[in-house]
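>>> How does the following fold in three dimensions:
(2 chains)
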2 protein chains.
Amino acid sequence: MTSMEQQETLTANGSGRRGRSRDSRLKGPSDKKRSLAALSLASKIGYLTISDLLPTKEAITSALHGQLPIRIYDKGERIFPVEQAEPILFLVRTGAVNVFRKAPSGTRYSVKNLESGAVFGEMPEYGQTMLGAEAEALVLTELAIIRPPEFEAMISRSPTLAVNLVRGLGSRLVEVEKQHEQAAFQTIPARLATLLLRMASSENMVKGISHQDIADELGVYRETVTNAMAELKKAGLVAVGRRRITLLDPQRLVEIDSV
Amino acid sequence: MTSMEQQETLTANGSGRRGRSRDSRLKGPSDKKRSLAALSLASKIGYLTISDLLPTKEAITSALHGQLPIRIYDKGERIFPVEQAEPILFLVRTGAVNVFRKAPSGTRYSVKNLESGAVFGEMPEYGQTMLGAEAEALVLTELAIIRPPEFEAMISRSPTLAVNLVRGLGSRLVEVEKQHEQAAFQTIPARLATLLLRMASSENMVKGISHQDIADELGVYRETVTNAMAELKKAGLVAVGRRRITLLDPQRLVEIDSV
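Got it, this is the predicted structure:
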């Protein structure tokens, strides 16, 4: 049974899945869930910047002020989606871009702001996607437009750019595949165990981290973290103090963590 | 509330999460879950082949029979993990490699077999990982060994390899990010709706697909698919016939699907 199929009830406000009619699930996600989803997009959109990709300051300056076609957007003007659904990347030269997601009701969920040097857009063949998010100019903004032929030419021209790009996409791919494996196949206590093991000091202590921090990291509610932590505590695997979690049995934590 | 936190009970065999003690969750995943997890790894490990990456038959032949150091493995010999935990890629020249995962109990879950031209190994910086899986030779097998400096040199030397590699990693990254978004933030009915919309013909029909096929695709139990399908049916969104699903209200299916 995958973790998606497991029962987890939200106890803090006294209501859980059990109290909700089955049919309400078809009405679409709650506001809280939409906020969490928007937060999760922040790490997926615009994660590349030109300074990660190019080797020298001169190369960065030349990319920012080079021969790529430029478009200027007024404050509040829509950047993405574009009129034609064609692959396109944007490189922020000056100004700032707000990326957000809109619910069918019209409510906006802010994803992140992008500034000079950031790359974003929809070019799935090259690892860039907006995952349904939209973008508009926060202030007067200048963007360089990169289409697939220019992008390929840039890769072919600069071995350093190619190596950095493969590294950027590759590291991200491995990270997302690990997260996906966890989200799909591990219970919440197991995901919590993984996170604690990753964050622990050499003395098997995790300090200065709140349940809310952990919840944000796992993409779940704080109350869910509190429940899962109680399970680990009850099983004698951790001791919980004020902003300090001690791993009492790291070996067993490793075991519940391994699918 | 994310989908990981939602209650889903397995009704077919009369037992569900409700019947299991909370504590049993700390004992680690079931066999069924381990099998599903191994299946999911199959798409994540060894997905690159040299023929996807290199432009010509000559280049492929040269990579397979070039200057890379070679190691020969006897039938049944362990290939991965290697003694030192260092980044390493393997290119299968001849023979075949079995990739599998081992439970703490010793039970093996087969992930996949790799043949000539396949690339696998642990080099997270470049998008390759074993995600905890192991590898051994199925027959007498010849592997070429690629370490990070050679890999970088290969990328720098061939712009075509670089572009193909960026494409291979990039497409995969976008695909995994979409899957991850779904697994983390959508309910099972919503994930089912997404899949049906993707598979439907222009007449809004999905033909020749069993609940088990859908379950394999979503990484859940068949019974869970049956339950979710019943919800969509009860809500008047689909009609289900013999190996034929008709989407009665595609617009509402799109809506439950969008986070």
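>>> and stretch A:155-163, how far apart are its ends?
9 Å (Cα to Cα, to the nearest Å).
>>> Run the chain-centre distance for it.
26 Å (Cα atoms, centre = their mean, to the nearest Å).
>>> in that stretch, what's buried?
Applying a neighbour-count criterion of 16 or more other Cβ atoms under 10 Å in any protein chain shown, one finds A:155, A:158, A:159, A:161, A:162, A:163 buried in stretch A:155-163. Yep, even glycine has a C-beta here, placed from its N, CA and C like the rest.
>>> mind pulling up the phi and psi values for the residue lying closest to residue A:96 once chain neighbours are set aside?
Of all residues not flanking residue A:96 in the chain, residue A:138 sits nearest, at 4.2 Å (Cβ to Cβ, 6 or more residues apart in numbering or on different chains). For residue A:138, the backbone dihedrals are phi -80, psi -30 (criterion: degrees, to the nearest 10).
>>> Please look at residue A:138 and residue A:99 and confirm they touch.
No - assessed by Cβ atoms under 8 Å, residue A:138 is found out of contact with residue A:99, at 10.1 Å.
>>> so where's the stretch 51-200 of chain A shaky on pLDDT?
A:184 (pLDDT under 70).
>>> ok so, going back, find the residues that touch each one of residue A:138 and residue A:99.
Residues touching both residue A:138 and residue A:99 by Cβ atoms under 8 Å, 6 or more residues apart in numbering or on different chains: residue A:113.
>>> Between those two, point out the one with more neighbours.
Neighbour comparison, residue A:138 and residue A:99: the larger count goes to residue A:99, with 23 against 16 (by other Cβ atoms under 10 Å in any protein chain shown).
>>> show me what contacts the more buried one?
By Cβ under 8 Å, 6+ apart, the neighbours of residue A:99 are A:41-42, A:45-46, A:110-114, A:120, A:130, A:133-135.
>>> in which helix or strand would I find residue A:72?
Using DSSP states H and E, residue A:72 falls within strand A:70-73.
>>> Now do that strand: which elements does it pack against?
strand A:141-146 (3 or more Cβ pairs under 8 Å, 6 or more residues apart in numbering or on different chains; DSSP states H and E).
>>> For the strand it packs on, which strands pair with it and how are they oriented?
If you go by DSSP bridges, strand A:141-146 pairs up with strand A:70-73 (antiparallel), strand A:88-94 (antiparallel).
>>> ok, and the closest non-adjacent residue to the closest residue to chain B within the stretch 1-150 of chain A?
Residue nearest to chain B within the stretch 1-150 of chain A (Cβ to the nearest Cβ): residue A:127, separated by 2.9 Å. Nearest non-adjacent residue to residue A:127, counting by Cβ to Cβ, 6+ apart: residue B:170, 2.9 Å away.
>>> and the helix or strand harbouring that neighbour, how far out from the chain's middle?
Using DSSP H and E, residue B:170 sits in helix B:159-185. Relative to the mean C-alpha coordinate of its chain, helix B:159-185 is positioned 13 Å out (Cα atoms, centre = their mean).
>>> Could you do stretch A:122-135 as well?
13 Å.
>>> Then stretch A:119-136?
On Cα atoms, centre = their mean, the centre of stretch A:119-136 falls 13 Å from the chain's centre.
>>> Same check on stretch A:61-70?
For stretch A:61-70, the distance to the chain centre is 28 Å (Cα atoms, centre = their mean).
>>> in that stretch, what's buried?
Quick answer for stretch A:61-70 (16+ other Cβ under 10 Å): A:63, A:64, A:68.
>>> Of the residues you listed, which belong to helices?
Residues of the buried residues of stretch A:61-70 located in helices (DSSP state H): A:63, A:64.
>>> In a markdown table, list the buried residues of stretch A:61-70 along with distance to residue B:95.
A markdown table is the format used below for the buried residues of stretch A:61-70 (distance: Cβ to Cβ, whole Å):
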| residue | distance to residue B:95 |
| --- | --- |
| A:63 | 45 |
| A:64 | 50 |
| A:68 | 47 |
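>>> what would the buried residues of stretch A:61-70 look like in TSV with distance to chain B?
Shown next, in TSV, are the buried residues of stretch A:61-70 (distance: Cβ to the nearest Cβ, whole Å):
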residue	distance to chain B
A:63	16
A:64	21
A:68	18
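>>> From the buried residues of stretch A:61-70, pick the one nearest residue B:183.
For the buried residues of stretch A:61-70, the closest approach to residue B:183 (Cβ to Cβ) belongs to residue A:63, at 35.6 Å.
>>> Tell me who's in contact with the residue nearest to that closest one when sequence neighbours are not counted.
Nearest non-adjacent residue to residue A:63, counting by Cβ to Cβ, 6+ apart: residue A:50, 5.4 Å away. By Cβ under 8 Å, 6+ apart, the contact set of residue A:50 is A:60, A:63, A:64, A:91, A:117, A:118, A:119.
>>> In the stretch 151-259 of chain A, which residue sits nearest chain B?
Taking Cβ to the nearest Cβ, the stretch 151-259 of chain A has residue A:170 as its residue nearest chain B, at 2.9 Å.
>>> Wait, the residue nearest to residue A:127 touches residue A:129, no?
No - the pair residue B:170 and residue A:129 fails to qualify as a contact (Cβ under 8 Å) at a distance of 9.4 Å.
>>> what residues are shared contacts of those two?
Common neighbours of residue B:170 and residue A:129 (Cβ under 8 Å, 6+ apart) are residue A:123.
>>> what about those two, which has more around it?
Applying other Cβ under 10 Å to residue B:170 and residue A:129 shows that residue B:170 carries more neighbours, namely 25 against 21.
>>> Having no further points to raise, I will conclude here.
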